[in-house]
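A.B. asks: everything below, folded, please.
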Amino acid sequence: MDSSILKFSIVYIVFFVIEVFMSYIFLLVEESFNISSTIDAVSLWNFWRLLFYGVPFLILYFFLFKYFKNLKIYKPLLFSIFNLLVYILLTFLSRIIFGKNIPLSPEGIMFWITCLSILLAPIVLGFIPYFRGLMNKI
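C.D. replies: Numbers count the residues shown, from 1 in each chain. Model (predicted):
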């Protein structure tokens, strides 16, 4: 297996796990610590996000990130901005293509919690030297 694909896989799997955990924490605070509804909402939202946005995100990553990675800014911040822009782009494209019948609508609180989680996950992992090194090598 190519080492860049392995590094990419490790980084993005950990990004996803951190995003789910952060979404859970943010929604738990928003829902006044109602644990059962928070677990249901976060798990269902992220299942749909992985199902609908997983493959398009990978395609966009491999086509577009080569232009972004030449920017000389802090790599975790670069990943944060790129991931958030792609998520917002995919959300609004799916809204245009499918209309109001999409499972991940951009109107609700979960959209904003997910945006915040996507923005913060690479920055949080940037504090860990191993992951910062992986991000620099991708």
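A.B. asks: C-alpha only now, for contacts and for neighbours.
C.D. replies: Will do.
A.B. asks: let me see the contact set for residue 137.
C.D. replies: Counting by CA atoms under 8 Å, 6 or more residues apart in numbering, residue 137 makes contact with 4, 7.
A.B. asks: for residue 128, see how far away it is.
C.D. replies: Remark: distance between residue 137 and residue 128 (CA to CA, to the nearest Å) = 15 Å.
A.B. asks: what helices or strands is the lowest-mean-pLDDT helix or strand in the chain leaning on?
C.D. replies: Across the helices and strands of the chain, mean pLDDT, DSSP states H and E gives its lowest value to helix 35-68, namely a mean of 85. Here helix 35-68 touches helix 3-30, helix 75-98, going by 3 or more CA pairs under 8 Å, 6 or more residues apart in numbering; DSSP states H and E.
A.B. asks: to residue 113, which of those lies closest?
C.D. replies: Across these, residue 113 has its closest neighbour in helix 3-30 (5.9 Å, CA to CA).
A.B. asks: how close does the residue nearest the centre of the chain sit to residue 86?
C.D. replies: Nearest to the geometric centre of the chain sits residue 118, at 4.0 Å (CA atoms, centre = their mean). To residue 86, residue 118 is 10 Å away according to CA to CA.
A.B. asks: check residue 127 too.
C.D. replies: Residue 127 is 23 Å from residue 86, where distance means CA to CA.
A.B. asks: who has more neighbours out of the two?
C.D. replies: residue 86 (17 against 11; other CA atoms under 10 Å).
A.B. asks: can you get me a residue count around the nearest residue to residue 131 once chain neighbours are set aside?
C.D. replies: Computed as CA to CA, 6 or more residues apart in numbering, the closest residue to residue 131 that is not its neighbour in sequence is residue 125, at 6.1 Å. Close neighbours of residue 125, defined as other CA under 10 Å, add up to 18.
A.B. asks: got it, and residue 4?
C.D. replies: 12.
A.B. asks: for it, what are its contacts?
C.D. replies: 137, 138.
A.B. asks: residue 7 contacts residue 136, correct?
C.D. replies: No - judged on CA atoms under 8 Å, residue 7 makes no contact with residue 136 at a distance of 10.2 Å.
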